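A.B. asks: Below: sequence and its predicted model.
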Amino acid sequence: MKQRVSHNAVPLPPSIPQRDLRHDERFDVAEALAVRRAGPVQPVRPRIISSAHGPIRELMLWYPPATPGAAAFREVYADLLRQLPTRTRVVLVAHPESIADAQVLADERPSGDVDLVEAPDWLAFSVWAEDACVVVEDTGADPVVTYLMEPIEFPRYGDALIAETVARATPLETGQLPLMFQGGNVLIGDTFVL
């Protein structure tokens, strides 16, 4: 039987790592079992926001990049922002190509209550802000937290990424529901959702 010979009989000082006794945290099973995973950020007591009742307190608009043949949104958005009550807070998501126009719109708002969120330049999205999510309030949180809840999948890739972009730039949160829907086709009343 061959005897194992140690070539390093003298212990190494702590400043020199002992490479043959590598500790890889990715494979430390005991440590991994002891970790409690945090659940996904989701509303505890969700309440979907009605489409038909109460004042418009918050409104999200998307200002996409200009595309050939598309109508300009500046005049339409300017008219809408002028007509909204001053108490309405506006989140305006703009593509970098449209950020100058969006800034002019934000500056013209009488109350000045506009959160301007610049999207990444590689993100192409549509004007249909309502389709990619529904708005839910967590009434179990104090203070109440507002979520942009997305469907499990969405056909327009760029639109599907806007909720995360907004959540990174504002106090709004985002989450995902195991449902397939387009928010623009969801009607929310006081006691029903269609």
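C.D. replies: On my side now, so go ahead. Numbering: from 1, shown residues only.
A.B. asks: Let me know the helix or strand that the residue nearest the centre of the chain is in.
C.D. replies: Nearest to the mean C-alpha position of the chain, counting by Cα atoms, centre = their mean, stands Glu164 at 2.0 Å. Per DSSP states H and E, Glu164 falls inside helix 162-169.
A.B. asks: buried sites along that helix?
C.D. replies: Residues of helix 162-169 classed as buried by neighbour count (16 or more other Cβ atoms under 10 Å): 162-163, 165-167. To be clear about C-beta, it is placed using only N, CA and C from the backbone, and glycine gets the same treatment.
A.B. asks: Pick the one among those closest to Met180.
C.D. replies: Ala163 (15.7 Å; Cβ to Cβ).
A.B. asks: so that closest one sits right up against Asp131, yeah?
C.D. replies: No - using Cβ atoms under 8 Å, Ala163 is not in contact with Asp131; the gap is 11.2 Å.
A.B. asks: which residue packs closest to the residue nearest to the centre of the chain, ignoring adjacent ones?
C.D. replies: Spatial nearest neighbour of Glu164, excluding adjacent residues (Cβ to Cβ, 6 or more residues apart in numbering): Thr174 at 5.6 Å.
A.B. asks: element containing that neighbour, please.
C.D. replies: Counting by DSSP H and E, the element that carries Thr174 is strand 173-176.
A.B. asks: Quick check, pLDDT for the residue nearest to the centre of the chain.
C.D. replies: Note on Glu164: pLDDT of 86.
A.B. asks: For it, give its distance to Val144.
C.D. replies: Distance, Glu164 to Val144, by Cβ to Cβ, to the nearest Å: 21 Å.
A.B. asks: Low-confidence stretches in this protein?
C.D. replies: When residues are selected by pLDDT under 70, those of the chain lie in 1-41, 67-72.
A.B. asks: go with 90
C.D. replies: For the chain, applying pLDDT under 90 flags the ranges 1-89, 97-115, 121-137, 139-142, 144-194.
A.B. asks: so where do the helices sit in it?
C.D. replies: For the chain, applying DSSP state H gives helices covering 29-34, 74-83, 99-108, 157-160, 162-169.
A.B. asks: okay, those in JSON lines with distance to Pro43 next?
C.D. replies: Listed next are those as JSON lines, based on distance: least, Cβ to Cβ, whole Å:
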{"stretch": "helix 29-34", "distance to Pro43": "29"}
{"stretch": "helix 74-83", "distance to Pro43": "29"}
{"stretch": "helix 99-108", "distance to Pro43": "29"}
{"stretch": "helix 157-160", "distance to Pro43": "20"}
{"stretch": "helix 162-169", "distance to Pro43": "13"}
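A.B. asks: of all those helices, which lies closest to Asp121?
C.D. replies: Closest to Asp121 of the helices of the chain, according to Cβ to Cβ: helix 99-108, at 9.8 Å.
A.B. asks: angle of that closest one against helix 74-83?
C.D. replies: 20 degrees (axes from the mean of the first three to the mean of the last three Cα atoms, to 10 degrees).
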